[in-house]
Structures are given as C-alpha cells and as structure tokens.
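> need a structure here:
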Amino acid sequence: MTSGWHHAFAVPAHGQSPHLRECLASLRAQTVPSPVFISTSTPSPWLGALAAEFDATLVAHGPNRGIGHDWNQAMAAAPATWVTLAHQDDVYLPHFVAETMRCVERQPRADLVMTGYAELAHRRTWTWTPMLAVKRLLEEQAFLGREAVSHRRSKRRLLAFGCAIPCPTVTLRRDRALGLFREDLKVDLDWDAWLRLADGPGAFARVRRLCMLHRIHADSETSDGIRAGVRAREDRAMFERLWPAPIARMLARLYAVGYEAGKP
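Below is the predicted model of the structure:
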C-alpha cells in the first residue's frame, strides 16, 4: 500500500557518512518538495538529530545484512508511488524531482526513470570522464533519441555492454521494486535488478538533463568492491547472462580496465 504521496526519497544510511548532511540538504532544496525517509540498520543519536534537522522520517531495521537488504528495506520504508533511492554520499540538484516527475507524466508506462548526472571527485565536478562518455554512448545506442523504450530488446541493449543505468539517478515505480535487489550481491545488484525489470512489460525512461552529482571516493561500496575483486567477479557473471562465455570474459576484462581509465 502507498500513501497519497506521488514521490518520495528513500535514503539507505549506514554508519556516519560525512556527506549525508549535504545529501539531505539537497533533498530539502528541491523545487518540488518530496518527503524523505532515512532507512538504517545502524541507528544512532547522531543520525536521529540529522533526521530531525531536515524533517526526515527515520526508520530503523535490523540486523545489518548488507547493501541489498539495506536497499530493499529503504524502498519498503518510503510509502509513495514513485521512490528515488538516494545514495547518502550524493547530491541532488534542485530540479531533480521536477524533471523526473514531468517525465513520469509523459511516460505513464515507465517502471524506471533515470536522469543525467556528473561525478564529484577531488572537490571538483566532472561532467566528462572516459567512463561517463562510455555510459552516455550506451544510452544513446539503446534509446536512439527517444525519451523512453519499452521493447525488451531495447531495454536489454542498454545493459548488454555494462550497466549504463546509473543507480543514484533512478526513480522506481515502488510496486514494481519491492524486494527487487538481490541480497547476495555486493556491487552489481543494481545491474541485476535493471536486467530483471527489462524482462517485464514496463518502459525505461530518461531525463537527459544533468540532475544529480554522484560522489566518487575511496570509501564507497563500489571502490571497496573493485579493490577486493568482487566487481570483476560479479561483472563476469552478469556478462555471462547476456553473452556467450568467450565474449563475456572479454567484456569483463575491458570493463576492469575501464574502471581504472575512468577515474577522474
């Protein structure tokens, strides 16, 4: 069941991120206001005070069972028709909700809406990196100038050469997304989720405009996964679902090189 809210932010919070305050401030600065729900398995007085400061609802769950469980719990905590899973280290520009919901109105068959984004690293905003360029190219070859794609082949083409759907930009139709994320994956749980959504009847839609800033830093889950070799293993498993084994191995190797080349 959802409430009367059309859109909400769900923030999976863990520990004491030094960037969470900036994230919450950006959610409160939206030109179209949306309620904010902070979901955590590590509640603390610090987090409670931060939630109160930004008029966010704090929802605790437990035990701590990993990132996939955190994301599923966050989606469940936000009772709205559309939910943005806002990553605690990222910044959402003031027009994010307005642009996303205008797209929803134009694309009533959509299950997923993604937006343009830039990266935050080394105290700078990067609107172009090799990895960003590759992801934008993958978007273009799937969307072919359209705002939305609904055919299974087009949606899978968006994901066939890597995860071209940037998770922090995504807003999901909540009734399609409850329990969506696999809890045994550590890095590619978003890629896996989008691939399963692609097999369904709903459309994927996009807002071309840059609407948020994704922070790249050494303590992120993705960075940890790359260092530990988890990303390479999960990438290969994902490619093997899409391609014959020899091609999957080649693409996984190219992707690993791309992560190094794509760093700002």
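> Could I get the full set of helices for the stretch 51-200 of the chain?
Secondary structure of the stretch 51-200 of the chain, counting by DSSP state H, counting those that start in this stretch: helices at 67-77, 96-106, 130-143, 152-157, 174-177, 189-198.
> can you redo those as a markdown table with distance to R209?
C-beta here means a position set from N, CA and C on the backbone, and glycine is covered the same way. Converted to a markdown table, these look like this (distance: least, Cβ to Cβ, whole Å):
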| stretch | distance to R209 |
| --- | --- |
| helix 67-77 | 25 |
| helix 96-106 | 6 |
| helix 130-143 | 13 |
| helix 152-157 | 21 |
| helix 174-177 | 23 |
| helix 189-198 | 21 |
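> Can you point out the helix or strand that includes the residue nearest to G162 when sequence neighbours are not counted?
The shortest distance from G162 to any non-neighbouring residue, by Cβ to Cβ, 6 or more residues apart in numbering, is to Y255 (5.8 Å). In this structure, Y255 is located in helix 245-261 according to DSSP states H and E.
> Now the residue nearest to the spatial centre of the chain: closest residue in space, sequence neighbours ignored.
What sits nearest the mean C-alpha location of the chain, by Cα atoms, centre = their mean, is C167, with 1.7 Å. Nearest residue to C167, sequence neighbours excluded (Cβ to Cβ, 6+ apart): D190, at 4.0 Å.
> So that neighbour sits against T169, correct?
No. D190 is beyond contact range of T169, at 10.7 Å (criterion: Cβ atoms under 8 Å).
> Tell me who's in contact with W82.
Contacts of W82 were listed using Cβ atoms under 8 Å, 6 or more residues apart in numbering, and they are 6-8, 100-101, 104, 113, 171-174.
> got the residue ranges for the strands in the chain?
7-13, 36-40, 57-60, 82-85, 91-92, 110-121, 124-126, 148-149, 171-173, 203-215 (DSSP state E).
> returning to what we had before: if you count neighbours, what's buried in the helix holding Y255?
For helix 245-261, a neighbour-count test (16 or more other Cβ atoms under 10 Å) marks 248, 251-252, 255, 259 as buried.
> Give me the angle between it and helix 130-143.
Here helix 245-261 runs at an angle of 130 degrees relative to helix 130-143 (axes from the mean of the first three to the mean of the last three Cα atoms, to 10 degrees).
> packing partners for helix 245-261?
For helix 245-261, the elements it packs on are helix 130-143, helix 230-242, judged by 3 or more Cβ pairs under 8 Å, 6 or more residues apart in numbering; DSSP states H and E.
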